[in-house]
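**Q** Have a look at this prediction, sequence included:
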Amino acid sequence: MKAIQNKNQTAIERAQRKRIEGERSSRHFCASPSCFDPRSPILVGDLQPVLQASVGKAKMVFFHSECWKNQ
Ligand SMILES: [Zn+2]
């Protein structure tokens with residue numbers, strides 16, 4: 001019984017930690033031209049990294065998951 005309780009406890013803690021991390025700001029700004037908030041860094045939980053091929057090399061760009069879906 002104790003082992004099961006500990007396991008649940010850990011899962012809850014992990015979920016809470018994940019939520020806190022999701023509310024943190026990343027250092028990335030949204031690349032969407034129709035972004036609803038282009039001046040603020042994207043929250044970690046909302047970050048959609050996209051590998052974009054340009055001339056000769058690939059580069060990573062970032063979107064809000066919402067902006068990425070609405071493209
Ligand atoms: Zn955006």
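**A** Perfect, thanks for sending it.

**Q** pLDDT below threshold where in the protein?
**A** 1-4 (pLDDT under 70).

**Q** the strands in it, which residues?
**A** Using DSSP state E, the strands of the chain run over 47-54, 57-64.

**Q** who's Phe62 bridged to?
**A** Legend: beta-bridge partners of Phe62 under DSSP bridges are Pro49.

**Q** Can you give me the separation between it and the ion?
**A** Applying CB to the ion, to the nearest Å, the value for Phe62 to the ion is 9 Å. C-beta here means a position set from N, CA and C on the backbone, and glycine is covered the same way.

**Q** what do you get for Trp68?
**A** With distances taken as CB to the ion, Trp68 is found 8 Å from the ion.

**Q** ok, now which ones touch that residue?
**A** Neighbouring residues of Trp68 by CB atoms under 8 Å, 6 or more residues apart in numbering: 32, 48, 50.

**Q** Pipe those into a markdown table and attach distance to the ion and neighbour count per row.
**A** Formatted as a markdown table, these follow (distance: CB to the ion, whole Å; neighbours: other CB atoms under 10 Å):
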| residue | distance to the ion | neighbour count |
| --- | --- | --- |
| Ser32 | 5 | 18 |
| Gln48 | 9 | 18 |
| Val50 | 12 | 12 |
